[in-house]
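**Student:** Here you go, sequence then predicted model.
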Amino acid sequence: MLAIPGGSHENALMSEFFPTLLTYWLASYLALASIYLVLGKFVSWYNRTRLANNRIQEKACPQELVQRDIRQSLLSLFSISGMLSLGLALRASGLGIAPAELSLVSGLVWAVVSLVLFDTWFYWAHRAIHHRRLYKLIHRWHHKAITPTVWSNNSDTFLDNMFCQSYWLVGPLLLPAPTLILCLHKVYDQVTGMLGHAGHEYAGGKMSSRPSPLIGTTFHDQHHSAFHFNFATHFSIWDRLMGTLHPDYDQLILRYPKTKEDQKSE
């Protein structure tokens, strides 16, 4: 049921809204920025020392682009956490569809629903900003890194985030998913997004190729190198349905994980 604040409680709710918003914003930014910095450091070390033979592209990303992406990502995460916090603060004030009661079953169901809905949102918004009339203004910044790194994930303009990340503002208002599930989904999106840009394959083989809807790092890496393919973020479903899946994706993802012997034979 749609609940809208009003009546005798309206003034009290509004007096609590801004402190709630600022608390959520600070907490979510600290959480996302911490994940970005800690996971980025760990993945960079792991790729360099333990997974060098699973590198997807031979060409390395220029160091100046890496530094640019780190600076922009920390700024970008501020706006993303702001959208999530605004949605959650409005929900807490009583605006929007009331969340379902959290249980093991409801949590799993709403987690899947949110994953599918966000993937749909991201696919179509991402395709839209690849249109020639929007690309230069909104999305070209992100594609400066043709060989992405783990630091590239959040290197986006504010307008880019308004297209692709505003789900986190709208979702808490229109989706009755428990708040904890939405927050966990955002953490999952942050982690998998960074791994998807990391330039080394972690989830190759049959688990990331047809008929599985799951994707590996190769999926988004091909988007950076080939540009016109692989627009989704969690699954390959929409790209398969709309004919935007890279034609070599299923074949290439089966090459991973590589062994040292595989690399020597190439």
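**Tutor:** Good, I have the coordinates. Not measured: the values here are computed from a predicted model. Numbers count the residues shown, from 1 in each chain.
**Student:** which residues sit against stretch 200-220?
**Tutor:** Contacts of stretch 200-220 with the rest of the structure, by Cβ atoms under 8 Å, 6 or more residues apart in numbering, involve 47, 51, 54-56, 148, 195-199, 230, 232-237, 240, 246, 249-250, 252-258. (C-beta placed from N, C-alpha, C; glycine too.)
**Student:** hmm, which of those are the buried ones?
**Tutor:** With burial judged by 16 or more other Cβ atoms under 10 Å, the buried subset of these is 47, 51, 54-56, 148, 195-199, 230, 232-237, 240, 246, 249-250, 252-253, 256, 258.
**Student:** Now intersect those residues with the helices, please.
**Tutor:** 47, 195, 196, 237, 240, 249, 250, 252, 253 (DSSP state H).
**Student:** which one is the fifth one nearest to, not counting chain neighbours?
**Tutor:** Okay, so that is residue 240. Counting by Cβ to Cβ, 6 or more residues apart in numbering, residue 240 lies nearest to residue 210, which is 7.8 Å off, once chain neighbours are set aside.
**Student:** What's the local residue count around that neighbour?
**Tutor:** Using other Cβ atoms under 10 Å, residue 210 is surrounded by 13 other residues.
**Student:** what's the answer for residue 81, then?
**Tutor:** Neighbour count of residue 81, defined by other Cβ under 10 Å: 23.
**Student:** Which residues outside stretch 132-147 are in contact with it?
**Tutor:** Counting by Cβ under 8 Å, 6+ apart, stretch 132-147 makes contact with 57, 59-61, 65, 68-69, 72, 128-130, 152, 155-157, 159-160, 163, 199, 224-225, 227, all of which sit outside it.
**Student:** State the distance from residue 182 to residue 117.
**Tutor:** With distances taken as Cβ to Cβ, to the nearest Å, residue 182 is found 11 Å from residue 117.
**Student:** How about the secondary structure of the residue nearest to residue 240?
**Tutor:** The three-state label for residue 210, taken from DSSP: H, G, I helix; E, B strand; the rest coil, comes out as coil.
**Student:** Buried only: go through the contacts of stretch 132-147 for me.
**Tutor:** Looking at the contacts of stretch 132-147 with 16+ other Cβ under 10 Å, the buried ones turn out to be 57, 61, 65, 68-69, 72, 128-130, 152, 155-157, 160, 163, 199, 224-225.
**Student:** So for the residue nearest to residue 240, what's the pLDDT?
**Tutor:** The predicted local confidence for residue 210 comes out at a pLDDT of 91.
**Student:** do the same with residue 60
**Tutor:** Reading off the per-residue confidence, residue 60 sits at a pLDDT of 89.
**Student:** quick one: contacts for it?
**Tutor:** Going by Cβ under 8 Å, 6+ apart, residue 60 touches residue 147.
**Student:** So it lies in a strand, does it not?
**Tutor:** No: according to three-state DSSP, the state of residue 60 is coil, so it is not within a strand.
**Student:** Against residue 96, how distant is residue 179?
**Tutor:** 11 Å.
**Student:** What segments of the chain are strands?
**Tutor:** 2-3, 96-97 (DSSP state E).
**Student:** wouldn't residue 32 be in contact with residue 77 here?
**Tutor:** Yes: the pair residue 32 / residue 77 is scored as a contact, 4.9 Å apart, by Cβ atoms under 8 Å.
**Student:** Between these two, which contacts overlap?
**Tutor:** For the pair residue 32 and residue 77, no residue contacts each of them under the criterion Cβ under 8 Å, 6+ apart.
**Student:** who are the neighbours in contact with residue 52?
**Tutor:** When contacts are counted by Cβ under 8 Å, 6+ apart, residue 52 is found next to no other residue.
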